[in-house]
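Asker: Below: sequence and its predicted model.
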Amino acid sequence: MTHAVAHGPDPVTDVDAYLASLRDALGSRDPLVVLREMPSELRHAIDGLSTESLTTPERTGKWSIRDVIQHLADSELVGGYRFRMILAHDRPTLAGYDQDLWAKRLGYAEARTVDPHLRRSRHRPFTSDRPHPSRGCGELTSIPD
């Protein structure tokens with residue numbers, strides 16, 4: 001059974017509605033079980049798809065299946081960091097990120113493989129599987145106290 005949140009409320013401008021849509025998509029399922037089962041569900045969902053199907057955006061300006069899987073890998077990393085911040089700090093400030101900028105600068109569209117297990121996707125920015133970004137790591141602006 002597919003439980004997708006598509007074209008729902010904006011997570012920045014309508015946080016409460018966005019969170020409600022996520023709870024609705026989960027239903028009675030445990031979120032940690034859903035996260036644990038996601039790689040096998042992704043593998044099942046893309047099994048047998050052609051390279052063209054995996055790499056063609058649904059329409060101009062939108063992401064392909066490959067791009068979405070790259071995004072899921074990044075979101076898993078960001079989510080893990082945020083969970084740790086919530087557990088370790090009282091009312092931490094959680095930084096947002098521009099998912100489209102990440103997609104562009106981390107080379108989602110240039111990925112040569114689609115890894116539904118997310119393992120290779122997690123490490124892609126640090127391997128030769130992608131072009132190096134035009135901005136280097138030396139341009140870090142600040143680390144707040």
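Answerer: Thanks, I have it.
Asker: going forward, measure contacts and count neighbours with C-alpha atoms only.
Answerer: Fine.
Asker: where along the chain do the strands fall?
Answerer: Applying DSSP state E to the chain gives no strands.
Asker: Do a quick rundown of the helices in it.
Answerer: Taking DSSP state H to define them, one finds helices in the chain at 15-26, 31-46, 51-55, 65-88, 99-105, 119-123.
Asker: Mind putting those helices into TSV with mean pLDDT, mean neighbour count and distance to Arg112?
Answerer: Shown next, in TSV, are the helices of the chain (pLDDT from 0 to 100; neighbours: other CA atoms under 10 Å; distance: least, CA to CA, whole Å):
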stretch	mean pLDDT	mean neighbour count	distance to Arg112
helix 15-26	91	14	31
helix 31-46	89	13	15
helix 51-55	92	14	10
helix 65-88	91	17	9
helix 99-105	90	14	14
helix 119-123	55	16	10
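Asker: would CSV of these with distance to Thr113 be doable?
Answerer: CSV is the format used below for those (distance: least, CA to CA, whole Å):
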stretch, distance to Thr113
helix 15-26, 28
helix 31-46, 12
helix 51-55, 9
helix 65-88, 8
helix 99-105, 15
helix 119-123, 9
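Asker: Nearest to Gly8, out of those?
Answerer: Minimum separation from Gly8 across these (CA to CA) falls at helix 15-26, 6.9 Å.
Asker: what's the closest one packed up against?
Answerer: The helices and strands touching helix 15-26, judged by 3 or more CA pairs under 8 Å, 6 or more residues apart in numbering; DSSP states H and E, number zero.
Asker: and that helix with helix 31-46, angle?
Answerer: Relative orientation of helix 15-26 and helix 31-46, computed by axes from the mean of the first three to the mean of the last three CA atoms, to 10 degrees: 70 degrees.
Asker: How many residues are close by Tyr108?
Answerer: By other CA atoms under 10 Å, 23 other residues sit near Tyr108.
Asker: Local confidence estimate at it?
Answerer: Per-residue pLDDT puts Tyr108 at 87.
Asker: I'd like the distance between Leu26 and Arg59.
Answerer: Applying CA to CA, to the nearest Å, the value for Leu26 to Arg59 is 27 Å.
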